[in-house]
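1. return a 3D structure for these sequence lines:
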Amino acid sequence: MALRWYSTVIESTRPRELAAWWREALGWDEVYAARDEVVLVPPWARELSEQLPFHRVPPGLVFVLVEHEKTSKDRLHLDFAPHTGDDRDAEIARLEELGATRVDVGQGDDVTWTVLADIDGNEFCVLSSREM
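-> Take a look at the predicted model:
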């Protein structure tokens, strides 16, 4: 028996706004929404859930309400990569237009990724283009 990676949970004092931001950033679907919780999944996840075994369906993102603001650097962050056929710089510019900000975590100028923060200050990276 194996466990399925079901979701990554992101805490926020404003989960609905943050989920809406990530929905726009990723192009994912909202599958559940309440005052204190919003669930997003990749658009193909619903179809896959009907075709694949439970443990092979991709994970989603869950945004939950917390009363406290973020006070330190994240111990976990998400990495995203454009396909080699996509324009990485244009994707970063699009995320910045949505409200993402560049973050200096001491990464230096010669790295192949860009560190950004979402509208709540949660760090994530846009990696160099990848085939897979």
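2. how near is V115 to G121?
-> 12 Å (C-beta to C-beta, to the nearest Å). To be clear about C-beta, it is placed using only N, CA and C from the backbone, and glycine gets the same treatment.
3. of these two, who's got more company?
-> V115 (17 against 14; other C-beta atoms under 10 Å).
4. contacting residues around the more buried one?
-> Counting by C-beta atoms under 8 Å, 6 or more residues apart in numbering, V115 makes contact with 102-105, 107, 123-125.
5. need the max-distance pair from these.
-> Maximum pairwise distance in the contacts of V115, criterion C-beta to C-beta, is 14.3 Å, between D104 and F124.
6. out of those two, which sits in the busier spot?
-> A count of neighbours by other C-beta under 10 Å puts F124 above the other of D104 and F124, at 20 against 7.
7. wouldn't the more buried one be in contact with A117 here?
-> Yes: using C-beta atoms under 8 Å, F124 is in contact with A117, at 7.4 Å.
8. now the lowest-mean-pLDDT helix or strand in the chain: buried residues?
-> Counting by mean pLDDT, DSSP states H and E, the chain has its least confident helix or strand at helix 45-51, which shows a mean of 86. For helix 45-51, a neighbour-count test (16 or more other C-beta atoms under 10 Å) marks A45 as buried.
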